[in-house]
Every structure is written in structure tokens, then in C-alpha cells.
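Q: here is a sequence together with a model predicted from it:
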Amino acid sequence: MCSQDQSYRVGSGREGVLLVHGLSGSPVEMRFIANGLARQGYKVLCPQLAGHGGRSADLKTSTWQEWYASAETALNELAGECDTVVVGGLSTGAVLALLLAANLPEKVAGLALYSPVLWLNGRSIPWYARLFPIVPTKPLADLFRFPAPSNFGIKDARLRDFIRSAMAGAGCSPVVTPGGAVIERRWAANEALKVLHKITQPVLIMHPRDDDYAGLNNATYLEAKLSGSVDLVVLDDSYHLVTVDRQRGEVLERTGAFIKGVLASLGLQNPGGAPPQQAAA
């Protein structure tokens, strides 16, 4: 891991987008999407979650409630500056986004969920992850370690090599996720499962068919259980980290179109352009 705060803010305007990274990740995972949305006229904030970006020991002792608090603080900050906020989340960040939408519906106009993880059931997950539904305590969970897969959750080999070289040049080591953080992720997902029926905001889900962390049933379950409108897009040329992998351009394009649709449904003006009904004329 790298020892630095990588929180990221870009863009301006009265419409905001909050992008939440995944477990053991960082805001770097969201930069491509953030920069693209900023060019479209949005103010984008990518917070670094508590316990992330430093030592594995920091992640080991952090809790999902602290991760959620980081996301909630960022949402409140952005909501204080913008008329509307759409929240996007990758992997565990998608779980936190669901909780924000359920708990603070007045501040979340829509959700963009990238490779949401309710259950760890992809091929890159160690076999002992199957035991975690019956692991009762965090100290017991910490007897297990989850090393980063060799492919980093990215299908594009050249991009994987670039990331590996960049990490080595920055003195960063591959992420090993402590079992305690994995059980905290499970507890967060369990909380989200309890409140899916409360989420009525429009939702975009983008999930790879060949997700090596979380099977497609994570996305189809959400599609069936969420109370608002859901647009599920299945990606055929990406692994788990869809915001940086081969189809990141499509992820950006569909996210931008989704946000414009959310604004239009609220009768609000698109960034840097005419009101939605005029822009479509």
C-alpha cells in the first residue's frame, strides 16, 4: 500500500458527483471517470475512505462504519456546494453508495453502481472466502489474508503492467487485504441488503459478465430488489475494476448519460447547456 491521502476533487458547477472507491483501493480507481465527468461540467469529489491509503494495519483496525462516515462526510460537503448529487461507487464503494441513498435520500438524486459486491463469489476469491459467512468475529477473520490477485482485477494486460510498474516506482507494495476488513465488508453488505427496498432513486448498474471478484448475480439481485428504476448494463470485455479497464470509456459515457437523465427527470439544467427539454429539441 502507499502511505498518502489520495482524495481527489475536480470540476465545478452546481451539479455534483460523489465517487467512492472500493475495499483496499483508492480514489485513483475513480480518476478516469472523475476527469471525464468534470469535462462534462460536473463537480466531482472522490474521497479516500478511512483506513485506506496507508498501512495494512490501518485497514485491519478500521470498520465499515468508519468507511461509511468518510463517504457521508464527503456527500455532505458536496451537497452543501451543489444543487444535486449523484453518487457512484465501485465494488464495496457501491455498497456504501446504497447505504447513503437509503439513509440520506434527500441528498442522493441517483446511483451509479460499478461492479457492486454483495457477495464475494468470483473466481479470484480464495476458497476460504466461502467460510466467511459463518465466521462470527473479526479476530477470527483476521487469521485469514486476501492477497491481491495477479491481474489486479483488470483484463487489459498492458494496463496491468503499467500499474505494476507505477506501484514499484512509487515504492508501493501489492495490497493484501486483512480478513478483518473482509468481514467488515460483509457486515456493510448485510446492512445494505436490509434497506434495498427503501432506495427509490434511479440506479445505473454496470457489471462485467466475467467479474473475477463478484458474480453477475450481485447485479441481478439488486435489479430485482431496488424499488426505483434500474438500468443494468452487462460489460463483456472487463474484469472487476470497470472504471479503469478496457471498457472505461463506455462506463464514462453511460454514466454521463445517466446523470443527464437524472437531471432531466428533476427538471434541472444540464451542466453548461440548455435546460434538458431545450437541449433535446
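A: Everything's here; your move.

Q: any idea which element the spatially closest residue to residue 101 that is not a sequence neighbour lies in?
A: Spatial nearest neighbour of residue 101, excluding adjacent residues (C-beta to C-beta, 6 or more residues apart in numbering): residue 108 at 4.4 Å. Placement of C-beta: from N, CA and C, glycine included. For residue 108, there is no host helix or strand (DSSP states H and E).

Q: show the pLDDT at residue 108.
A: At residue 108, the model reports a pLDDT of 98.

Q: mind checking how far it is from residue 85?
A: In this view, residue 108 and residue 85 are 6 Å apart by C-beta to C-beta, to the nearest Å.

Q: CA atoms only for the one helix or strand residue 85 maps to, dumped as CSV, please.
A: According to DSSP H and E, residue 85 maps onto strand 84-90. The C-alpha trace of strand 84-90 is given here as CSV (Å, rounded to 0.1, in the frame of the first residue of the first chain):
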residue,chain,number,x,y,z
THR,A,84,-28.0,17.9,-6.8
VAL,A,85,-25.6,15.0,-6.1
VAL,A,86,-25.4,11.6,-7.9
VAL,A,87,-23.4,9.0,-6.0
GLY,A,88,-21.2,6.4,-7.8
GLY,A,89,-19.4,3.6,-6.1
LEU,A,90,-17.1,0.8,-7.2
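
Q: packing partners of that strand?
A: The contact analysis (3 or more C-beta pairs under 8 Å, 6 or more residues apart in numbering; DSSP states H and E) places strand 84-90 against strand 15-20, helix 64-79, helix 92-103, strand 110-114, helix 248-265.

Q: now do the contacts for the residue nearest to residue 101.
A: Residue 108 makes contacts with 75, 85, 86, 87, 97, 100, 101, 201, as judged by C-beta atoms under 8 Å, 6 or more residues apart in numbering.
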